[in-house]
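>>> What would the 3D arrangement of this be:
(chains A and B)
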Amino acid sequence: MNVFRNIATDFRRNKAIYFLCIPIVAWYIIFCYMPMGGIAMGFQNFSPAKGIFSSPWVGMKHFRDFFGSTYAWRSIRNTLIISLMDLLFNFPMPIIFALLLNEIVSHKFKRTVQTISYLPYFISMVVMCGIIVDFTKSGGVISNLVSQLTGQPAQNLLGNASYFRPIYIISNIWQGVGYGSIIYIAALSSVDQELYEAATIDGANRWKQTLHITLPGISATIIIMLILKMGTMLAVGSEKILLLYNPATYETADVISTLVYRKGFVDYNYGFSTAVGLFNSAVNTTLLLITNGLSRKYSETSLF
Amino acid sequence: MMVQKKSPSKITFDIFNHVLLILIAGICIVPIIHVVFASISDPALVDTYSGIILWPLGTPSLNGYNYVFKYQKIWMGYRNTIFYVVVQCVITSVLSIIAGYILSRKRFRYRNVLMGFIAFTMLFNGGMVPTFMVVRNLGMYDTRWAMLIPSAMNVFYIIIMRTAIQGIPDSLEESARMDGAGEFIIMFRIILPLCKATFAVIILFVAVYKWNEWFPALLYLDGESRYPLQMFLREILIKQVDFTNQADAMERLQLYKVLVKYCVIVVSTLPILCVYPFVQKYFVTGVMIGSVKG
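Numbers count the residues shown, from 1 in each chain, chains lettered A, B, ... in the order given. The predicted structure follows:
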């Protein structure tokens, strides 16, 4: 029993450290690992009165119910479309913004633009959605603009399923572009200036320098951010969707995590909700591991 | 940099780039300006105005704010939110420094095992309902604890704290130990003052996060008396619950309903926007510290 002897020796040497571990380890066991055990609920007809140990087991019933239901495909499709759109439009924006800022010589102008662009990030999600509701209501600023562009009478855009995704994505960009660019601006400032000088002597113009020096210089940062993004892809901001959607827009807005919320906390169908949630986080974890693996193989940059 | 002559294409690009960035900055700030000026405008004009409001319409007045300040729930929400922010900052920062400290002790043999144990929770979690059941079974449902304890720790804060502490030379700790200092004294009197910046960044992140948070309240709280401000904002802004039930002429009430939405946005966001210019550079530092070591 070498392990135990090692632990005992280490414990004697570092009693205080072991003592300090207690709250940390206890918290992680209670609030992270115990819920993982609670996943068993996904295979039960769980009722809070009976608890997890005496609720009847139903095997894969909830999963069969989920995949057999009409909203399974709808929520999976919406999750994929919204997260792919988010990745496609929202991921490159901060990079482009950082590259544009990088070309600015005037320090003062750069700072001002940067400071203003972070501002929306600090607006709370509820207020943000409140502003969206106000701007897109019939007669709101954006609603009027859309009606002028399309020639249709002004309408409540959030009540129209075909506008939900653009509203969601564009408002995400509005709120996140400045803040998201911080990390790239930092990465850009650490690119070796001598490379630019050498490239200038060799006759490379600014565009070529961007392509062959700047972008390779920040590619490690881009890849790390991409991996992080992929890992949370299917966890698309359910909080924001919960604030913005309504039964009229479920068709394009209902994602897996909002379904988990509705089934669990509106219908009190705990077992079913847990099962759908498990499906969601299993897919998420797989995506993260795959991206990380691919990235380690092809670019030697990885999270772990 | 070398002095070089600007080519015409470079000049065109520079002009285009400046215009584009001014445009982006404008788009970032215009909705905020709209809300602020709408809140002090004449409600009748706001209701019929169809464009972006870049100056107060009609005679500027603070009447909308009068309604908001008379609304007790806003104050209740404010008090609760301030309580949650302060207590959460204390709990989270203390736990983060403890975790960062033990995870950076080289003589603690199992530090990497512990780090793995903590980091695994980033990969996989139990989900909404199982977490809710744990909170419920602990008797925390509908108590203030439910807003504070389940969010007490975050892997991200622990990692940036550990990185900061690892940067402190071992000799400092050793000499303190020679002088007879215990773990607590070393941690709070020697380590903490040396990583003040990281500590401040964590407090800042927690404070802003907590100020804006609403979802745990929806899950874990039942009684309005413990709701944070954001939950009341949700009622007013999203669910459009009408709270202007003061004895007042109907017409005026209808009008002020238009304004109060803008006023609550300003009232709830102002504190963050006021401290924003002073703290934004710490935020930049924070994002960077976090990115150096993932």
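>>> interface residues of the stretch 151-294 of chain B facing chain A?
B:152-153, B:182-184, B:208, B:211-212, B:214-215, B:218-219, B:230, B:233-234, B:236-238, B:261-262, B:265, B:268-269, B:272-273, B:276-277, B:280, B:283-284, B:287-288, B:291, B:294 (CB under 8 Å from any CB of the partner chain). For every residue, glycine as well, the C-beta is placed using N, CA and C.
>>> any weak-confidence spans in chain B?
By pLDDT under 70, the low-scoring segments of chain B are B:1-6, B:242-255, B:288-294.
>>> Surely A:E103 is in contact with B:F16?
No. The pair A:E103 / B:F16 is not scored as a contact, 10.2 Å apart, by CB atoms under 8 Å.
>>> higher neighbour count, those two?
A:E103 (16 against 11; other CB atoms under 10 Å in any protein chain shown).
>>> Pop out the phi and psi values for that one.
phi -80, psi -10 (degrees, to the nearest 10).
>>> For it, which non-adjacent residue is closest in space?
B:N17 (5.5 Å; CB to CB, 6 or more residues apart in numbering or on different chains).
>>> mind listing what B:S61 touches?
B:S61 is in contact with B:I40, B:D42, counting by CB atoms under 8 Å, 6 or more residues apart in numbering or on different chains.
>>> try 7 Å this time
Residues near B:S61 by CB atoms under 7 Å, 6 or more residues apart in numbering or on different chains: B:I40.
>>> swap in A:M36?
Contacts of A:M36 by CB under 7 Å, 6+ apart are B:F124, B:G126.
>>> where's residue 83, which helix or strand?
All of this is about chain A. Element membership for A:S83, per DSSP states H and E: helix A:70-85.
>>> Chain B was what I was after
Using DSSP H and E, B:F83 falls in helix B:72-103.
>>> other SSEs contacting that helix?
Helix B:72-103 sits against helix A:15-28, helix B:111-123, helix B:145-148, helix B:155-166, helix B:196-212, helix B:229-233, with contacts defined as 3 or more CB pairs under 7 Å, 6 or more residues apart in numbering or on different chains; DSSP states H and E.
>>> Which of these sits closest to A:A72?
helix B:111-123 (24.7 Å; CB to CB).
>>> Past the helix holding A:S83, which element shows up next along the chain?
Per DSSP H and E, the first helix or strand lying C-terminal to helix A:70-85 is helix A:92-102.
>>> Check whether that following helix comes near chain B.
Yes. Counting by CB under 7 Å from any CB of the partner chain, chain B is contacted by helix A:92-102 at A:F97, A:L100, A:L101.
>>> helices and strands around the helix or strand following that helix, which ones?
Using DSSP H and E, the helix or strand that follows helix A:92-102 in sequence is helix A:107-118. The helices and strands touching helix A:107-118, judged by 3+ CB pairs under 7 Å, 6+ apart, are helix A:92-102, helix A:161-189, helix B:8-39.
>>> Need the contact partners of helix A:107-118.
Residues outside helix A:107-118 that contact it (CB under 7 Å, 6+ apart): A:L101, A:I104, A:V177, A:G178, A:Y179, B:L21, B:I24, B:A25, B:C28, B:I29, B:Q280.
>>> would a markdown table of the residues you listed with neighbour count and distance to A:T200 be doable?
Output for those, formatted as a markdown table (neighbours: other CB atoms under 10 Å in any protein chain shown; distance: CB to CB, whole Å):
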| residue | neighbour count | distance to A:T200 |
| --- | --- | --- |
| A:L101 | 22 | 20 |
| A:I104 | 17 | 18 |
| A:V177 | 23 | 30 |
| A:G178 | 26 | 30 |
| A:Y179 | 19 | 32 |
| B:L21 | 22 | 23 |
| B:I24 | 21 | 28 |
| B:A25 | 19 | 29 |
| B:C28 | 21 | 33 |
| B:I29 | 14 | 36 |
| B:Q280 | 19 | 33 |
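>>> Turn these into CSV, columns for distance to B:V90.
Shown next, in CSV, are the contacts of helix A:107-118 (distance: CB to CB, whole Å):
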residue, distance to B:V90
A:L101, 37
A:I104, 41
A:V177, 33
A:G178, 30
A:Y179, 26
B:L21, 40
B:I24, 38
B:A25, 37
B:C28, 33
B:I29, 34
B:Q280, 23
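>>> was I right about the residue nearest to A:E103 contacting A:L100?
Yes. Using CB atoms under 7 Å, B:N17 is in contact with A:L100, at 5.7 Å.
>>> Next up, the contacts around A:G180.
A:P94.
>>> and for stretch B:197-215, what are the contacting residues?
Residues outside stretch B:197-215 that contact it (CB under 7 Å, 6+ apart): A:122, A:124-126, A:239, B:81, B:84-85, B:88-89, B:92-93, B:96-97, B:157, B:160-161, B:164, B:192, B:228, B:230-231, B:234, B:272, B:279, B:282-283, B:285-286, B:289.
>>> Now list the buried members of those residues.
A:122, A:124-126, A:239, B:81, B:84-85, B:88-89, B:92-93, B:96-97, B:157, B:160-161, B:164, B:192, B:228, B:230-231, B:234, B:272, B:279, B:283, B:285-286, B:289 (16 or more other CB atoms under 10 Å in any protein chain shown).
>>> Quick check: the gap between the closest residue to B:Q166 other than its chain neighbours and chain A.
Leaving aside its sequence neighbours, B:Q166 sits nearest to B:S104 (CB to CB, 6+ apart; 4.7 Å). Distance of B:S104 to chain A, computed by CB to the nearest CB, to the nearest Å: 11 Å.
>>> anything in stretch A:52-70 near chain B?
No. Contact of stretch A:52-70 with chain B (CB under 7 Å from any CB) is absent, the minimum separation being 7.6 Å.
>>> So which bits of that stretch are buried?
Neighbour-count burial for stretch A:52-70 flags A:S55, A:V58, A:K61, A:H62, A:F63, A:D65, A:F66 (criterion: 16+ other CB under 10 Å).
>>> Give me the nearest residue to the fourth one, chain neighbours excluded.
The shortest distance from A:H62 to any residue that is not its chain neighbour, by CB to CB, 6+ apart, is 3.6 Å, and that residue is A:A275.
>>> Compute the inter-axis angle for the helix or strand that neighbour falls within and helix A:70-85.
Per DSSP H and E: A:A275 is located in helix A:270-299. If you take axes from the mean of the first three to the mean of the last three CA atoms, to 10 degrees, helix A:270-299 sits at 30 degrees to helix A:70-85.
>>> by how many degrees do helix A:270-299 and helix B:111-123 diverge?
Interaxial angle of helix A:270-299 relative to helix B:111-123 (the same axes, to 10 degrees): 110 degrees.
>>> Show me what helix A:270-299 is packed against.
Counting contacts by 3+ CB pairs under 7 Å, 6+ apart, helix A:270-299 packs against helix A:61-68, helix A:215-231, helix A:256-261, helix B:128-137.
>>> Go through the helices and strands packed on helix A:107-118 and name the closest to A:D254.
helix A:161-189 (9.8 Å).
>>> After that closest one, heading C-terminal, what element do we hit next?
The first helix or strand that comes after helix A:161-189 along the chain, using DSSP H and E, is helix A:193-201.
>>> Give me the packing partners of the helix or strand following that next one, helices and strands only.
Counting by DSSP H and E, the next helix or strand C-terminal to helix A:193-201 is helix A:206-209. Of the remaining helices and strands, none touches helix A:206-209 by 3+ CB pairs under 7 Å, 6+ apart.
>>> which residues touch helix A:206-209?
Outside of helix A:206-209, the residues within contact range by CB under 7 Å, 6+ apart are A:Y196, A:A199, B:K10.
>>> what about that helix, average pLDDT?
Regarding helix A:206-209, the rounded mean pLDDT is 82.
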